[in-house]
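Chemist: Model the following, please.
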Amino acid sequence: MVRLFFRATAPVLLLAALAFHQPGLARVLAVNPDGSTPNTTIGGAILAASAGDTVTVAAGNYHETIWIQKSLTLLSASGERDVTLDGEGRFRIMLIEYDVEVNLAGLDFVDGVDQDAAALLIWKGARARVDHCAFRQCHATLSNAVHVRHPDTRATFSDCLFQDNTAGLHSAALSSSHEARLTVTGCVFAGNSSQGSSGAVNCTSGLAVFENNLFKENQGLLSGALAFDGTAHGRVAGNTFHANRAPGYAAVRLNDQVEFTGNIVSGSKDSFGLESQTPANRRENIFFGNDSGDLLGSGPAADEVLADPLFCDPPRGTFTLCGDSPALARNNGTRQIGAFPEGCPPCSHRGGGPAGPGVPSSPGH
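Modeler: Numbers count the residues shown, from 1 in each chain. Predicted coordinates for the structure are as follows:
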């Protein structure tokens, strides 16, 4: 499984909830289907909860639709990602709505199905923080495993996995629209596939920020991994994009309202690396080994590099950097580039051509 360095965020949220717990003001409600707690379902615990309460869930599989319309924290009791919320290929798993603040941690959303937001819909002004969760094998007939929608809606995703989700029209994993605000940090998007616009993520309006994420082997019609369309604006910084596919188009597609800084885009299949008309918005990126060419719509900015980033072992999903990588600050003289730090000795001498084993050489370079 492809993953970044996930942190145990669920215990932190639980400790914070307990630290601020005051009798009569906030409670911790436990859920265990074995009957050892008053609540055997997540929905039952949420119904019993008051605003500000924390619901801790024992490891196991839960087959229920969860509707949250109050401020609370919902997390795995162990701090691990061991609470599986299973949509059974029949229903959307969770909806968060209205003027509420919700924290989620340690939840594994699997096999949700809907036209839109097959796993999780956050909308109508809700604010959500989602840590150390997974969204896997969900299918939307139109778009998205997760959708963040409407003005005043805010969502932050940290250390999450979006894997093998599918969609029939728009992005398969995640989208933001209708002036919602989205922040995504330290997440992995792997193997998501859409028959429409973007394989993994599509932002159509509002502010969106993506920092230190890995996008690997996603496939879409117009962009393999990430697209900013319409009036969407924001920042894409310090990410690694590898082996994404959008035949004839690009792995990443940007409008002119996005800052694109310190990213690695490599190994795009049957695709360009980046489609962008505005090099002025780009700084210190590395492009390499993209089948159709590194850039579509403009040439490289003055400080962008067309060179092998020298990953340690991409065929095994290891995207840390060799000691002689041009993405390391000490080698380029400016900053760390991409989502991963140094992870192995110098490797420019290794076999398999200038790109190293498993990474295609860039045409013309």
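Chemist: My read is that Arg181 contacts Gly206, right?
Modeler: Yes: with contact defined as CB atoms under 8 Å, Arg181 counts as touching Gly206 (5.6 Å). Any C-beta I mention is one placed from the backbone N, CA and C, and that applies to glycine too.
Chemist: Compare those two (neighbour count), which wins?
Modeler: Comparing Arg181 with Gly206 by other CB atoms under 10 Å, the one with more neighbours is Gly206, at 23 against 18.
Chemist: Tyr65 reaches Ile93, doesn't it?
Modeler: Tyr isn't right for residue 65; it's Thr. Yes: the pair formed by Thr65 and Ile93 meets the contact definition of CB under 8 Å, at 6.7 Å.
Chemist: and stretch 80-88, which residues are buried?
Modeler: Within stretch 80-88, the residues that count as buried by 16 or more other CB atoms under 10 Å are 81-87.
Chemist: Kindly reformat the residues you listed as a markdown table containing distance to Ser266 and secondary structure.
Modeler: Supplementary listing: those in a markdown table, determined by distance: CB to CB, whole Å; DSSP: H, G, I helix; E, B strand; the rest coil:
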| residue | distance to Ser266 | secondary structure |
| --- | --- | --- |
| Arg81 | 28 | coil |
| Asp82 | 34 | coil |
| Val83 | 35 | strand |
| Thr84 | 33 | strand |
| Leu85 | 34 | strand |
| Asp86 | 35 | strand |
| Gly87 | 34 | coil |
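Chemist: closest to Ile286 among these?
Modeler: The shortest approach to Ile286 among those belongs to Arg81, at 31.3 Å (CB to CB).
Chemist: dump the residue contacts of that closest one.
Modeler: Residues in contact with Arg81, defined by CB atoms under 8 Å, 6 or more residues apart in numbering, are 106-108, 132-134.
Chemist: What's the separation between it and Gly44?
Modeler: Here the distance between Arg81 and Gly44 works out to 22 Å (CB to CB, to the nearest Å).
Chemist: Next: Ser71.
Modeler: In terms of CB to CB, Ser71 sits 18 Å off from Gly44.
Chemist: can you pull the contacts of the most centrally placed residue in the chain?
Modeler: In the chain, the C-alpha closest to the average C-alpha coordinate belongs to Cys187, at a distance of 4.4 Å (CA atoms, centre = their mean). Cys187 makes contact with 4, 157-162, 213-214 under the criterion CB under 8 Å, 6+ apart.
Chemist: export those residues to TSV and tack on distance to Pro279?
Modeler: TSV is the format used below for the contacts of Cys187 (distance: CB to CB, whole Å):
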residue	distance to Pro279
Leu4	29
Phe157	29
Ser158	30
Asp159	32
Cys160	31
Leu161	32
Phe162	29
Asn213	22
Leu214	24
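Chemist: Would you format these as JSON lines with pLDDT and neighbour count included?
Modeler: Supplementary listing: these in JSON lines, determined by pLDDT from 0 to 100; neighbours: other CB atoms under 10 Å:
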{"residue": "Leu4", "pLDDT": "42", "neighbour count": "19"}
{"residue": "Phe157", "pLDDT": "98", "neighbour count": "25"}
{"residue": "Ser158", "pLDDT": "98", "neighbour count": "19"}
{"residue": "Asp159", "pLDDT": "98", "neighbour count": "21"}
{"residue": "Cys160", "pLDDT": "98", "neighbour count": "30"}
{"residue": "Leu161", "pLDDT": "98", "neighbour count": "24"}
{"residue": "Phe162", "pLDDT": "98", "neighbour count": "30"}
{"residue": "Asn213", "pLDDT": "98", "neighbour count": "27"}
{"residue": "Leu214", "pLDDT": "98", "neighbour count": "24"}
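Chemist: which of the buried residues of stretch 80-88 lies closest to Val31?
Modeler: The closest of the buried residues of stretch 80-88, once distances to Val31 are taken by CB to CB, is Val83, at 8.9 Å.
Chemist: need the next SSE after the helix or strand harbouring Phe260, C-terminal direction.
Modeler: In the assignment (DSSP states H and E), Phe260 maps to strand 258-261. Going down the chain from strand 258-261, the next helix or strand is strand 264-266, by DSSP H and E.
Chemist: tell me which element the residue nearest to Ala246 when sequence neighbours are not counted falls in.
Modeler: Closest residue to Ala246 apart from its sequence neighbours, by CB to CB, 6 or more residues apart in numbering: Gly224 at 4.2 Å. Taking DSSP H and E as the definition, Gly224 sits inside strand 223-228.
Chemist: Alright, calling it a day.
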